[in-house]
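J.: Quick one: sequence plus predicted model below, questions after.
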Amino acid sequence: MRVAIVGATGAVGHELLRVLEGSTLKTDDLLLYASPRSAGTTLPFGGRELTVQATPEGSIDADVILASAGGSISKALAPAWVAGGSVVIDNSSAFRLDPDVPLVVPEVNGAAALRHRGIIANPNCTTAIAAVAVAPLHRAFGVRRMIVSTYQATSGAGQKGIEELLAQTHRVLHDQPAQAEVFAHPIPFNVIPHIDTFGENGYTREEMKVVWETRKILGDDALQISCTAVRIPTLRTHAEAITLELERPATPDEARELLRQAAGVEVRDDPAGKLYPMPLTATGKYDVEVGRIRSSLVFEGGLDLFVAGDQLLKGAALNAVQIAEYLQAQGALRGRVQG
Ligand SMILES: NC(=O)C1=CN([C@@H]2O[C@H](COP(=O)(O)OP(=O)(O)OC[C@H]3O[C@@H](n4cnc5c(N)ncnc54)[C@H](OP(=O)(O)O)[C@@H]3O)[C@@H](O)[C@H]2O)C=CC1
Ligand SMILES: N[C@@H](CC(=O)OP(=O)(O)O)C(=O)O
């Protein structure tokens, strides 16, 4: 099995390398690609240093391509990768809403991946993290309406987001002005309700991704969703407050019990013991933390919860590798016959 990572030097790319090292995916050979400026640099994998190459224009000789170099690269190059016989698992938003492209969170709708035509899309990070927590509740109680407020880490904007938070914080602490480049405003000691571009309905694209992509993953176009997406000055891991109106009433105990059995979820819910989801505890974890589970004061029989999930893992790299692992476990990912 030959695996390639396109965007290996980025925030998601680094995590792809780490996740692959511990993965059950049998990787005989790993090829690393990035922009021409990274060509010749090396990254550690399996005790060796692998050399990064400039991403070629055409096909790549790999069975699986894990793409995390942005939407424009995926849009331009994925058709050639597929024509060359590779299965592409794409972290960008380029193909997520394409009806011919499965949008997959393995714990929720893994079987959809089997219907791919060469490309499988990895969801938006905020969406994937919410889906892991909400899908079991949707199956059991039927979610009618879902209201989400997010607290998104700076690494959601990639490596440059991390660098901007660190550099600006240093400047602010030394009484120097912080110049915003990556984010719309200085991010240290601030929260910014603006991620991606604003649409005509007043919602941002990040917020609408949560609406569109959650419906596709849960296979429920009737689901009513509203989201407010906010950038906060953390380095890593997105948190989300989620309110659910349910078709069939659920108690917090029923929800906790259900979520304890759910794949990819860690119930962390003992407020008296100061135990609840937080970026500090969820960072580096494969499971999404879910807690603060309580009866909604607004929707009778509904629920309020708080989740925290490492968006570079479950929101990107881990989910992508889990899709490949799922395909392999189903016998749907065989090494190509080399000609
Ligand atoms: N960060 C996150 O939390 C999440 C990100 N994603 C998606 O994953 C993708 C990558 O994001 P992220 O890792 O954060 O971004 P980064 O900015 O950290 O990394 C971007 C990567 O793309 C490479 N790249 C840039 N331009 C080119 C080019 N012209 N040709 C080939 N490679 C190029 C970069 O290489 P170089 O180092 O050489 O510039 C780098 O490896 C995006 O589509 C993003 O939307 C999805 C979910 C979550
Ligand atoms: N937009 C997300 C991360 C991301 O890259 O999302 P998408 O893959 O949908 O563009 C954030 O900034 O936190």
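T.: Okay, I see it. Numbers count the residues shown, from 1 in each chain. Ligands and ions are numbered 1, 2, ... in the order given.
J.: Please enumerate the helices of the chain.
T.: 11-21, 71-83, 106-109, 125-141, 159-173, 205-218, 252-261, 279-282, 318-329 (DSSP state H).
J.: Near ligand 1, which residues of the stretch 101-250 of the chain are found?
T.: The stretch 101-250 of the chain comes close to ligand 1 at residues 125, 155-156, 158-160, as judged by C-beta under 6 Å from any ligand atom. (Glycine included, C-beta is placed from N, CA and C.)
J.: Ile232 versus the residue of the chain found nearest ligand 1, what's the distance?
T.: Closest contact between the chain and ligand 1, by C-beta to the nearest ligand atom, is at Gly10 (2.0 Å). Taken as C-beta to C-beta, to the nearest Å, the spacing of Gly10 relative to Ile232 amounts to 21 Å.
J.: So for these two, which residue has more residues nearby?
T.: A count of neighbours by other C-beta atoms under 10 Å puts Gly10 above the other of Gly10 and Ile232, at 23 against 17.
J.: ok, the more buried one touching Ala34?
T.: Yes. Here Gly10 reaches Ala34: they are 7.4 Å apart, a contact under C-beta atoms under 8 Å.
J.: which non-adjacent residue is nearest Glu247?
T.: Counting by C-beta to C-beta, 6 or more residues apart in numbering, Glu247 lies nearest to Gly142, which is 3.3 Å off, once chain neighbours are set aside.
J.: ok, the one you found - contacts?
T.: 246-248 (C-beta atoms under 8 Å, 6 or more residues apart in numbering).
J.: What of Val134?
T.: Counting by C-beta under 8 Å, 6+ apart, Val134 has contacts 143, 146, 214, 218, 242, 244.
J.: Pro193 now?
T.: 228-231.
J.: The residues you listed in strands, which ones?
T.: In strands, judged by DSSP state E, the following of those are found: Thr228.
J.: The contacts of Pro193 into JSON lines, with extra columns for pLDDT and neighbour count?
T.: Shown next, in JSON lines, are the contacts of Pro193 (pLDDT from 0 to 100; neighbours: other C-beta atoms under 10 Å):
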{"residue": "Thr228", "pLDDT": "99", "neighbour count": "16"}
{"residue": "Ala229", "pLDDT": "99", "neighbour count": "27"}
{"residue": "Val230", "pLDDT": "99", "neighbour count": "19"}
{"residue": "Arg231", "pLDDT": "98", "neighbour count": "27"}
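J.: re the thing from before, hey, what's in contact with both of Gly10 and Ala34?
T.: Counting by C-beta under 8 Å, 6+ apart, the residues touching both Gly10 and Ala34 are Ala69.
J.: where does the stretch 201-339 of the chain dip in pLDDT?
T.: The stretch 201-339 of the chain contains residues with pLDDT under 70 at 334-339.
J.: At the contact with ligand 2, which residues of it appear?
T.: Residues of the stretch 201-339 of the chain found near ligand 2 (C-beta under 6 Å from any ligand atom) are 206, 209.
J.: what about 8 Å?
T.: Contact residues, the stretch 201-339 of the chain versus ligand 2 (C-beta under 8 Å from any ligand atom): 206, 209, 229, 231, 238, 311, 315-316.
J.: Find the residue at the geometric middle of the protein.
T.: Geometric centre of the chain, nearest residue: Gly315, 1.6 Å, by C-alpha atoms, centre = their mean.
J.: what's the distance between the closest residue to it other than its chain neighbours and ligand 2?
T.: Leaving aside its chain neighbours, Gly315 sits nearest to Cys125 (2.7 Å; criterion: C-beta to C-beta, 6+ apart). Distance, Cys125 to ligand 2, by C-beta to the nearest ligand atom, to the nearest Å: 5 Å.
J.: surely Cys125 meets Leu313?
T.: No. Shown here, Cys125 and Leu313 do not form a contact pair, counting by C-beta under 8 Å, at 9.4 Å.
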